[in-house]
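>>> Attaching a predicted model along with its sequence, questions to come.
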Amino acid sequence: MAMRFCILGSGSSGNSALLVTEGARVLIDAGFSARKLGELLAGVGESLERIDAVLLTHEHGDHAAGVSGLKKFPHLKFFANAATARAIQAGLEHRPDWQIFETGARFRFRDLEVDAFAVPHDAQDPVGFRIANGSDGDLFAPRRSLVWLTDLGHAPQHIREHIRECDVVVVEANHCPQLLQADTKRPWSLKQRISGRHGHLSNESARELLAAVASPRWRRIYLTHLSRDCNSPAAVELALAAVRPQLHAQCQFAIVAPGGSTPFYELG
């Protein structure tokens, strides 16, 4: 079986995705209630009973709110680094089956190989994931990889290297700077946090990151975590237009609207 991937939900209200291989079904982040996650999974023909593990990037609620309700599924394993697990555990009445990894290290879960790398964000020890499956030179199960990269204020060189040799890039395009500054709901301090070097990528920052790497290996790029008030798919499309000519003709863009989801994409 090839890797199959879909985004269950994306945005300030919650983030989660599903990755399916022959040997594993994993959620990447769980930023919705367990009930909502069950509904989202049902919409793609899956269920929480069939999920094997959850990979957690950091402790913020829009990425980890579901951990509490998932106690109803004791078979689940939760992968997080020590600081993230400690921060989430502080708000729980039960102890999940924590599987602790070290940031910057590689670990395996069934037929998945996962690199967890540091990202600049205002959480305890936030990470991005590069997840691979298959083997180089195997015609029937070639090596495929995906990078999950949300919640970061800027992209240091090591992040650029992680996304260079992968097939699918999931990266945030959180806000349009002009819309953020014009927003009347957010105080100045919050605007500074969002736009700071440990906040969130703007549309222009996402474009600069993709343009700086422009890997010929990329097959699909998901633009995610769009702000409902301070961004729009149209604004992302306009900002990313300049980078399209640099990419391989077969590379597709998928802009995920705030609160939106995507159908399965197969990395054959």
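Thanks, I have it.
>>> part of a helix, is residue 116?
No: looking at residue 116 with DSSP: H, G, I helix; E, B strand; the rest coil, it is strand, so not inside a helix.
>>> So what's the residue count around it?
By the criterion of other Cβ atoms under 10 Å, residue 116 has 23 neighbours. Where you see a C-beta, it was placed from the backbone N, CA and C, and this is true even at glycine.
>>> now do residue 176
23.
>>> Quick check, it in contact with residue 201.
No: taking contacts as Cβ atoms under 8 Å, residue 176 lies outside contact range of residue 201: 11.5 Å.
>>> secondary structure element for residue 180?
Using DSSP states H and E, residue 180 sits in helix 177-182.
>>> Can you get me the centre-to-centre distance for that helix and its chain?
Relative to its chain's centre, helix 177-182 lies at 24 Å (Cα atoms, centre = their mean, to the nearest Å).
>>> What average pLDDT does it get?
In this model, helix 177-182 carries a mean pLDDT of 96.
>>> what secondary structure does the residue nearest to residue 123 when sequence neighbours are not counted sit in?
Distance criterion Cβ to Cβ, 6 or more residues apart in numbering; nearest residue to residue 123, sequence neighbours excluded, is residue 58 at 3.8 Å. Secondary structure, three-state DSSP: residue 58 is coil.
>>> again with the one 4 residues further on
Applying three-state DSSP to residue 62 yields a three-state assignment of helix.
>>> quick one: contacts for it?
Residues near residue 62 by Cβ atoms under 8 Å, 6 or more residues apart in numbering: 11, 12, 13, 14, 15, 31.
>>> which among those end up buried?
The neighbour count (16 or more other Cβ atoms under 10 Å) marks 11, 12, 14, 15, 31 as buried among these.
>>> per-residue pLDDT, residue 1?
Note for residue 1: predicted pLDDT of 60.
>>> Helices of the stretch 1-150 of the chain, start to end?
34-42, 61-64, 82-89 (DSSP state H, counting those that start in this stretch).
>>> So which other helices or strands are in contact with the first one?
With contacts defined as 3 or more Cβ pairs under 8 Å, 6 or more residues apart in numbering; DSSP states H and E, the packing partners of helix 34-42 are strand 3-9, strand 16-20.
>>> Now do it: distance to the chain's middle.
Distance, stretch centre to chain centre, for helix 34-42: 18 Å (Cα atoms, centre = their mean).
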